[in-house]
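**Student:** Attaching a predicted model along with its sequence, questions to come.
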2 protein chains.
Amino acid sequence: MAIVKLVNSVKSLSKPSKQQSHRSTIGDVAREAGVSKTTISRYLSGQFDSISEQTRKRIEQTIADLKYRPNRMARGLKRDRSFSIGMIVADITNPFSTSILRGVEDVCTKHGYSLMVCNTDNDPVKEKEYIMMLQAHRIDGLIINSTGHNNEYLHELAEEQTPVVLVDRKMPELGFDTVVTNNVQATTEAMRFFLQQGYERIAFFTQPVEKVSSRNERSNTFHQFLAQANHPSITDVYVVDFRENGQLEQKLEAYLSSSQGQFRLLFAVNGVMQLKILNVLQQKGLRIPEDIAVACFDDLDWAPVIPPGITTIAQPTYEIGVNAMERVLKRIMGDQSPAETIELPGKLIIRGSTPSKTK
Amino acid sequence: MAIVKLVNSVKSLSKPSKQQSHRSTIGDVAREAGVSKTTISRYLSGQFDSISEQTRKRIEQTIADLKYRPNRMARGLKRDRSFSIGMIVADITNPFSTSILRGVEDVCTKHGYSLMVCNTDNDPVKEKEYIMMLQAHRIDGLIINSTGHNNEYLHELAEEQTPVVLVDRKMPELGFDTVVTNNVQATTEAMRFFLQQGYERIAFFTQPVEKVSSRNERSNTFHQFLAQANHPSITDVYVVDFRENGQLEQKLEAYLSSSQGQFRLLFAVNGVMQLKILNVLQQKGLRIPEDIAVACFDDLDWAPVIPPGITTIAQPTYEIGVNAMERVLKRIMGDQSPAETIELPGKLIIRGSTPSKTK
DNA sequence: CCGGTTTACGGAACCGGTTACATTTCCTAT
DNA sequence: ATAGGAAATGTAACCGGTTCCGTAAACCGG
């Protein structure tokens, strides 16, 4: 294993001047209230039954007077818990991520935890650094949407009894709790609907699958479904890497020209893909749904607004966040039961972009 | 001042079982490497010039062997700095916020800081609690998109020498560094363009202004501009509170019916407003731009995709984030210069939704 | 009235780093 | 050979909480 050079990267080691305006400490409060630090500490952790009524009031008043705020670092150091949770997402600007984040955050707050958010841009190197940084902060739990390239470090965290919960992307080999959309169910439901509507040529557009289980499950189900359905059309799966310029245009063109005259539908693996596809279709002057139907995963705010309304599969993102954080809490509380994978159902939302053939 | 009851809210005070798998400490490393803690500490803070070559190598090896991760809480406690920054946003699911967040995050990471993210839903009570929580964590700086109702607590932070930087919303009375879009310039530029295109009746739709300076500046500029331009139309400003059901429909109807036959444009204060407006217009069967033109602040991913392409004002969100965080860093480094307000220009992006009359 | 229990609180060590202030080692010039 | 200074490293206190353990006082039933 490579030697990780562990030198603190805060550049400002020089001398950040913070002219101590003396923040009050537990000692100050104790002195002022005429009791010992122990008693204040007991008050702070809610052990009121061993504090007399009048002492309690005096402490309360003193704390208010001194504007005392207990130092979480000191507390955390002694208790070996930081009261904060780490969250690593692949792309913070993606509404999918933020909606999960919101779920996580709500549960965190309700239980007195803070949240450290890290954005990796799907870069395994950044991811590694973030994992190490969060480890250094002694986070009490980690929720991660992983690139899949840092199993070694995630494992290290787990060995230190820090609960790790995966969201959106499964990694069965690691044995972590996992919360995802039920991609098989959601894809199946959508496909059943599409066939029922009479589509003859359905194409699935996805980013490179890599280690992203959601993409994998969706395109696999798509494949299998069309095979099982004994569907006459080719089971078109197009993989588009946005880092390669013009790839989307090429692949779309390939599909469009080979499907001339058929009743066709473009199924996008997620909202990002859908928007890019719509952009190209528009440039080509193709009308939706007259010339081609579309549908995608992710029910984002623009879906009902883009005419004629885009059919989508709504993912239970907020609930994924809530569930993930609740798993973390259970683990923090000492639950040692075997890791579970929770699959929450996706919901098909039918709009004008996928009319039936008879219509 | 009310007595703030300061009792730790982490419910799990019971006994979270964390069977110490003995994470290694600086002491372990010191013993293993055959030197003192001091030397390790020096290594960790990059003071290599006072460590011999061979000792350094031995330390490096030992750290790798023991998978040692310095505890930031311990370090932070002694140094009275946490190496983390707090960020409070009004709505984390709004792409405007996440784009700023991304800018902040990039700068944080580059300088070895971690980021604690809090989402207030514009609720002053949640905001207050978050400020106190971040204070308890001894954040080294705060970036906030404030509701404007917790000046007392922000001030308290500032008194403790914790730098506070406002984004998006100005609050001049507080004397904090502030980074915003230049709303006057952006609005002026857009209005100039609209009038040039020949619009006869322009309406501005905004959420309640309250203490949100960006909304205030935009609607004020709108007002003044039409007055100065000696524009014949009424200077329509419609305030819509989404918490009141059906208000948007009513106000839109009022505008639409009173502007029949005029060459008209709907100008939305932000992307959220724009989407809701488009939704209603669509339900009414109004075509863009034939029946009505639209434009808005925020150049979100759907703007080029919604036909015929929505004209927008792109806000320099990422740059706001970067600038805000750089201000924080400067202050951390001891810069005591007077607070500045940085106004970054918005950029008008013209698309099909705002054609000229002659066309 | 007394032993035992409960209630209310305090002393001091400890968590894992940092740092002011030695101390030791080693080199160099005289 | 040695004083003197630089280079390399160590000692121990300290940061602000928590917690184990101890104790004084109040209470209580027999």
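**Tutor:** Right, received. Where do you want to start?
**Student:** okay, stretch A:52-62 in PDB with CA atoms only?
**Tutor:** Presented in PDB, the C-alpha positions along stretch A:52-62 are these (Å, rounded to 0.1, in the frame of the first residue of the first chain):
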ATOM      1  CA  SER A  52     -31.300  20.900  42.300                       C
ATOM      2  CA  GLU A  53     -33.900  23.200  41.000                       C
ATOM      3  CA  GLN A  54     -32.200  26.400  42.100                       C
ATOM      4  CA  THR A  55     -28.800  25.400  40.900                       C
ATOM      5  CA  ARG A  56     -30.300  24.600  37.500                       C
ATOM      6  CA  LYS A  57     -31.800  28.000  37.200                       C
ATOM      7  CA  ARG A  58     -28.700  29.700  38.200                       C
ATOM      8  CA  ILE A  59     -26.800  27.700  35.600                       C
ATOM      9  CA  GLU A  60     -29.300  28.600  33.000                       C
ATOM     10  CA  GLN A  61     -29.000  32.300  33.800                       C
ATOM     11  CA  THR A  62     -25.300  32.200  33.800                       C
END
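**Student:** For DNA strand C, tell me whether it is touching it.
**Tutor:** Yes: for stretch A:52-62, a contact with DNA strand C is found by C-beta under 7 Å from any atom of the strand, at A:Ser52, A:Gln54, A:Thr55. Every C-beta, even on glycine, is put in place using the N, C-alpha and C of the backbone.
**Student:** Show me where the stretch 51-200 of chain A has its helices.
**Tutor:** A:53-66, A:72-79, A:95-110, A:124-136, A:151-159, A:183-197 (DSSP state H, counting those that start in this stretch).
**Student:** other SSEs contacting the fifth one?
**Tutor:** The reference is to helix A:151-159. helix A:124-136, strand A:141-144, strand A:164-167 (3 or more C-beta pairs under 8 Å, 6 or more residues apart in numbering or on different chains; DSSP states H and E).
**Student:** which residue sits closest to A:Ile63, ignoring its sequence neighbours?
**Tutor:** B:Leu6 (5.4 Å; C-beta to C-beta, 6 or more residues apart in numbering or on different chains).
**Student:** I'd say the one you found and A:Arg69 touch.
**Tutor:** Yes: applying C-beta atoms under 8 Å, one finds B:Leu6 in contact with A:Arg69, separated by 7.4 Å.
**Student:** neighbour count winner among those two?
**Tutor:** Counting neighbours by other C-beta atoms under 10 Å in any protein chain shown for B:Leu6 and for A:Arg69 shows that A:Arg69 has the greater number, 21 against 18.
**Student:** Show me which residues of the stretch 201-350 of chain A sit near chain B.
**Tutor:** By C-beta under 8 Å from any C-beta of the partner chain, the residues of the stretch 201-350 of chain A that approach chain B are A:272, A:275, A:278-279, A:282, A:301-302, A:304-307, A:329, A:332-334.
**Student:** out of those residues, what pair is the most spread apart?
**Tutor:** For these, the farthest-apart pair by C-beta to C-beta is A:Gln282 and A:Gly334; their separation is 54.7 Å.
**Student:** just to revisit the earlier point, got the helices and strands packed on helix A:151-159 as a markdown table, with mean neighbour count, distance to chain B and mean pLDDT columns?
**Tutor:** Putting the helices and strands packed on helix A:151-159 into a markdown table (neighbours: other C-beta atoms under 10 Å in any protein chain shown; distance: least, C-beta to the nearest C-beta, whole Å; pLDDT from 0 to 100) gives the following:
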| stretch | mean neighbour count | distance to chain B | mean pLDDT |
| --- | --- | --- | --- |
| helix A:124-136 | 20 | 5 | 96 |
| strand A:141-144 | 28 | 11 | 98 |
| strand A:164-167 | 27 | 14 | 98 |
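**Student:** would a markdown table of the ones you listed with distance to A:Gln207 be doable?
**Tutor:** Below are the helices and strands packed on helix A:151-159 laid out as a markdown table (distance: least, C-beta to C-beta, whole Å):
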| stretch | distance to A:Gln207 |
| --- | --- |
| helix A:124-136 | 16 |
| strand A:141-144 | 19 |
| strand A:164-167 | 18 |
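**Student:** wait, which of those is closest to DNA strand D?
**Tutor:** Closest of the helices and strands packed on helix A:151-159 to DNA strand D is helix A:124-136, at 16.2 Å (criterion: C-beta to the nearest atom of the strand).
**Student:** How far does the closest one sit from its chain's centre?
**Tutor:** 16 Å (C-alpha atoms, centre = their mean, to the nearest Å).
**Student:** CA atoms only for it - export them in CSV, please.
**Tutor:** As requested, the backbone C-alpha atoms of helix A:124-136 are provided in CSV (Å, rounded to 0.1, in the frame of the first residue of the first chain):
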residue,chain,number,x,y,z
PRO,A,124,-12.1,9.0,-7.4
VAL,A,125,-9.0,11.0,-6.2
LYS,A,126,-11.2,13.8,-4.8
GLU,A,127,-13.3,11.1,-3.2
LYS,A,128,-10.4,9.5,-1.5
GLU,A,129,-9.2,12.8,-0.1
TYR,A,130,-12.7,13.6,1.2
ILE,A,131,-13.0,10.2,2.9
MET,A,132,-9.7,10.8,4.6
MET,A,133,-10.7,14.3,5.6
LEU,A,134,-14.0,13.2,7.1
GLN,A,135,-12.1,10.4,8.9
ALA,A,136,-9.9,13.1,10.4
